[in-house]
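Peer 1: Sequence plus the predicted model coming up.
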Amino acid sequence: MSPQTQNTGPAVNEYEREPVPAAAQKGWRSFLGMYAGEHTAGTEFVIGPLFVAHGVGAFDFFAGLILGNILAVLSWGLMTAPIATSKRMTLYYQLERICGYKMVSIYNVVNALMFCFLAGSMIAVSATAVGIPFNLTMPTLTTWLPTSVGWVLVVLLIGFLTTLVAIKGYNQVARFANVAAPWMILIFMAAALAILPELGVTRFSDFWAVANKVIWTGIPLEGVSKFSFWHVLFFAWFCNMAMHIGMSDLTILRYAKSWKYGFLSFSGMFIGHFIAWISSGILYAAFLQSSNFSTEFAPGPIAYGAAGVAGAVCVVVAGWSTANPTIYRAGLALQGVFPKMKTWKVTAWVGAVTTIAACFPALVMKLLDFVALYGLVLMPMGAVIFADFYLSPRYGITQEMAYNRNISFSYATFFTWLITLAVCLGLNLGFGIDIFFLGLPGWFIAVFTFLILSKTIYPKGKEALV
């Protein structure tokens, strides 16, 4: 839960279009708990096992995970937080001042669609647990289409309930997610520790040998691509690319009393991602052993096999607690595009799109690729904010161009976005560079393109050329 949602009631001022005043700023405890809670979620039940399925070696996994998470924490602490605590504006309003409100409307639609697909994958994760007593046919690593009518019905039910709660009670759900997070991480850890003896770990000294031979073996499952150290490092760093270098967490960190609070993201990276990905990978390895390397990929049965009903319930809660606020956020993003439509109607439409998407298990099976794509698509706007804040004055470019020069649609920003994504697509298709590795060169391309186009299209002291 973000700090700004901790107080409820009609009188709450969210400071959507003004800097957060000193009286409303929050202490470090708010951010420590928020990051730990937000990054212990349904996605962790999918990401950890997928690294096992892609044949990451034990050393590559742990080394990549440690270094990647450190880089992610540094990105929050050194890039996002200083801008957030200096400007103290939401991402959307900061972008509007740079790009213009018409440009931000396009960004909001894209952002909302990405949120829909992410929430849909989490509804599908919950469905794998809810479907256990009904003996549903579970999806496999190569399943793209719905597996049965029963699967669709379960997804529709979960989607309906999730959307209903998003419409009626987001604040209560956000509180519940924070309460549930410590319990979920304990279930992760307890289940993994309980299953280790079945894999051959009877004492601490056995772990590394078993990790190499049984869990992170370096051999991918049949029909699955091979991942290396670099895949783990860049995914751990950029799985939240939209939040740090994509600057989405400006909205959260604008409430921080100090820019140093950005480093508190370590609680999410090393309590959430690090522990949860290791634990869920161990659970999946045990499932593979017991099922004779079945290609079935369903977090619900995997957790149920290790921790019984508590494991299955944990999957339901983790998926639900992630999908619910994500649907809410998608509705909020679209509310800015359709201001005359009531919020509950926007959220209902978002929930419908999300639920339909959740019927397709490919969202879960390709979650690593989708998360990387999500960050990549939104990253150029974060690079624009960075360049505007740090570099525009140095190169004679008007800061917050749209606000200061009364521009409703910044062509410099729009073409920066398109050119960056086009170059990244070219690197992927033409040179075979994996999507996981495109965020880093893409960020530099976006920064340089924005500076060149801003200088050319909107020269200082002259009327804009467009």
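Peer 2: Okay, I see it. Computed from a prediction, not measured in an experiment: that's the story for all the values here.
Peer 1: ok, now which ones touch Gly268?
Peer 2: Tyr35, Ala36, Glu38, His39, Thr40 (CB atoms under 8 Å, 6 or more residues apart in numbering). C-betas here are computed from N, CA, C, even on glycine.
Peer 1: per-residue pLDDT, the first one?
Peer 2: It refers to Tyr35. Here the pLDDT value assigned to Tyr35 is 85.
Peer 1: Report the separation between it and Trp76.
Peer 2: 9 Å (CB to CB, to the nearest Å).
Peer 1: Find the residues that touch each one of those two.
Peer 2: Contacts common to Tyr35 and Trp76, judged by CB under 8 Å, 6+ apart, are Ser265.
Peer 1: is it true that Gly64 touches Phe238?
Peer 2: No: applying CB atoms under 8 Å, one finds Gly64 not in contact with Phe238, separated by 12.0 Å.
Peer 1: out of these two, which sits in the more crowded spot?
Peer 2: Taking neighbours as other CB atoms under 10 Å, Gly64 and Phe238 compare with Phe238 leading, 28 against 24.
Peer 1: Please give me every residue in contact with that one.
Peer 2: Ala72, Ala372, Gly375, Phe436, Gly439, Leu440.
Peer 1: cool, and Val109?
Peer 2: Here Val109 is in contact with Ala333, Leu334, Val337 (CB under 8 Å, 6+ apart).
Peer 1: mind checking how far the last one is from Asn111?
Peer 2: Here Val337 is placed at a distance of 10 Å from Asn111 (CB to CB).
Peer 1: Over to Ser279?
Peer 2: Distance from Ser279 to Asn111, by CB to CB: 31 Å.
Peer 1: swap in Lys226?
Peer 2: 32 Å.
Peer 1: three-state assignment of the residue lying closest to Ile219 once chain neighbours are set aside?
Peer 2: Spatial nearest neighbour of Ile219, chain neighbours left out: Gly55 (4.9 Å); criterion: CB to CB, 6 or more residues apart in numbering. What DSSP: H, G, I helix; E, B strand; the rest coil gives for Gly55 is coil.
Peer 1: Flag every buried residue along stretch 406-419.
Peer 2: Going by neighbour count (16 or more other CB atoms under 10 Å), the buried part of stretch 406-419 is Ile407, Phe409, Ser410, Tyr411, Ala412, Thr413, Phe414, Phe415, Thr416, Trp417, Ile419.
Peer 1: Ok, stretch 294-302 next?
Peer 2: Thr295, Glu296, Phe297, Ala298, Pro299, Gly300, Pro301, Ile302.
Peer 1: again, but for stretch 51-63
Peer 2: So for stretch 51-63, counting by 16+ other CB under 10 Å, buried means Phe51, Val52, Ala53, His54, Gly55, Val56, Gly57, Ala58, Asp60, Phe61, Phe62.
Peer 1: so the fifth one touches Ile215, yeah?
Peer 2: No: if you go by CB under 8 Å, Gly55 and Ile215 don't touch, sitting 11.2 Å apart.
Peer 1: Need the residues touching each of these two.
Peer 2: Common neighbours of Gly55 and Ile215 (CB under 8 Å, 6+ apart) do not exist.
Peer 1: out of the buried residues of stretch 294-302, who's nearest Ala242?
Peer 2: Pro299 (22.9 Å; CB to CB).
Peer 1: Can you tell me the SS state at the nearest residue to the closest one once chain neighbours are set aside?
Peer 2: Leaving aside its sequence neighbours, Pro299 sits nearest to Phe45 (CB to CB, 6+ apart; 3.9 Å). Here Phe45 is helix, with the state taken from three-state DSSP.
Peer 1: Against Leu199, how distant is Phe45?
Peer 2: Counting by CB to CB, the gap from Phe45 to Leu199 is 18 Å.
Peer 1: Among those two, which residue is more densely surrounded?
Peer 2: More crowded of Phe45 and Leu199, by other CB under 10 Å: Phe45, with 34 against 19.
Peer 1: What residues does the more buried one make contact with?
Peer 2: Phe45 neighbours (CB under 8 Å, 6+ apart): Val125, Ser280, Pro299, Ile302, Ala303, Val315, Ala318, Gly319.
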